[in-house]
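Asker: Give me a model of this one.
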Amino acid sequence: MNILITGIHGFVGSNLIMALCEHHTLYGLDIISPEKKGVVRTFLWEDIETTSFPMQRLPHFDAIIHLAGKAHDTKNQSAAQVYFDINTGLTRRIFDFFLESAARKFIFFSSVKAAADSVVGDILRENVIPTPVGPYGESKIAAEDYIKEHFVLSDTFSVNKGKMFSFKEEIVRCSDKQVYILRPCMIHGPGNKGNLNLLYNVVKKGIPWPLGDFENKRSFTSIDNLCYVVEGLLTKDVASGIYHMGDDEALSTNELIALMCEAMGKKPHIWKMNRKMMEGCAGLGTLLHLPLNTERLRKLTENYVVSNEKIKSALGIDRMPVCAADGIRKTIKSFEE
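Answerer: Now for the predicted structure:
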């Protein structure tokens, strides 16, 4: 297959190229266009504008994978509009290009944060009503909505100003196309710890973890499993739709620390401080504007478990190739080498 991948110089893009280049012909689309091993040519965003680069002069693409976007800024230093300009604006441009092109498949990398900032109930599934919090999640759901306004996904419908939107023309034109909105939870792999970085630094310094009395569970996404799923979407006949992505097993923070210590050859220091006492300290921290406050404690100890049953069923598999624990070990060991 000839595949166009946006954001090829990022962490996920670089790993996808390594996973796909042996059996596919890959092209890039990015804000910079240096040569990259495994990529035939990298185009700039202005190159896909039909006014500057006529469609007939572009290579024939069989599939488009849209990775380019602005990642979640955990320090909240980015202006909200930047997220919408990049995460929503670029999605509109590349999806319009896809609809006009001969490409048959489109994979959009959204995020579970487009669905929910916190999980209500035991597990986050695709049928949840999206309630994003903050510009990152809001810009991702806006991009999803644009796709659904221009293409009927098999398991969703779109609403336009409270009324059903007419898709007759698009259905006829796009009946041979397949569109996948992929919502991965926290992605990690060799060379990128993702949001594990803060916890990793605490563990590496030997600082005791005082929240051992909280048995929260969180889902993670190994980059190996993510590449496996993308290959499956490209090569198998999978119905269009929204798919959540995560490893098979959710891990508690205590389990995560134990795995990190195992990979680093350290003994875990987990203190099971009384839960009620820690909640009281966090409440006092809120009043005194201390680093540990009620909101931060909630974020550190909440459950965020994501179901991957729908994507596994669509691909016809029972399990992901890499278990969550092995994925974490591989990631942490890469930083110890």
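Asker: residue nearest the centroid of the protein?
Answerer: Pro184 (3.6 Å; Cα atoms, centre = their mean).
Asker: residues in contact with the residue lying closest to it once chain neighbours are set aside?
Answerer: Leaving aside its chain neighbours, Pro184 sits nearest to Met245 (4.0 Å; criterion: Cβ to Cβ, 6 or more residues apart in numbering). C-beta coordinates here come from the backbone N, C-alpha and C atoms, glycine included. For Met245, the contacting residues are 182-185, 221, 225-226, 229, 306, 308, 311, by Cβ atoms under 8 Å, 6 or more residues apart in numbering.
Asker: What of Asn2?
Answerer: 24-25, 27, 59-63.
Asker: Just the buried subset of those, please.
Answerer: By neighbour count, with 16 or more other Cβ atoms under 10 Å, these hold 24, 27, 61-63 as buried.
Asker: What lies in contact with whatever helix or strand Leu259 lives in?
Answerer: Assigned by DSSP states H and E, Leu259 falls within helix 253-264. By Cβ under 8 Å, 6+ apart, the residues outside helix 253-264 that reach it are 196, 199-200, 203-204, 209, 211-212, 214-216, 218, 251, 267-268, 270, 300-301, 325, 328-329, 332-333, 336.
Asker: quick revisit: check the gap between the residue nearest to the centre of the chain and Leu300 for me.
Answerer: 21 Å (Cβ to Cβ, to the nearest Å).
Asker: Same question for Ile187.
Answerer: For Ile187, the distance to Leu300 - Cβ to Cβ - is 20 Å.
Asker: Which of those two has more residues huddled nearby?
Answerer: Neighbour count, other Cβ atoms under 10 Å: between Ile187 and Leu300, Ile187 has more, with 22 against 17.
Asker: Ignoring the adjacent residues along the chain, who's closest to that one?
Answerer: Looking at Ile187 with Cβ to Cβ, 6+ apart, the closest residue is Thr221, at 4.7 Å.
Asker: Can you name the residues bridging to Arg41?
Answerer: Tyr27 (DSSP bridges).
Asker: Contact partners for Ala282?
Answerer: 292-294, 296-297.
Asker: which intervals of the stretch 1-150 of the chain have sub-threshold pLDDT?
Answerer: For the stretch 1-150 of the chain, residues meeting the criterion pLDDT under 70 lie at 50-56, 73-77.
Asker: Do a quick rundown of the strands in it.
Answerer: For the stretch 1-150 of the chain, applying DSSP state E, counting those that start in this stretch gives strands covering 2-6, 25-30, 39-44, 63-66, 105-109.
Asker: So what touches the last one?
Answerer: Right, the one you point to is strand 105-109. Residues contacting strand 105-109 (Cβ under 8 Å, 6+ apart): 12, 62-67, 69, 91, 95, 98, 143-144, 147, 177-182, 184, 230, 233-234.
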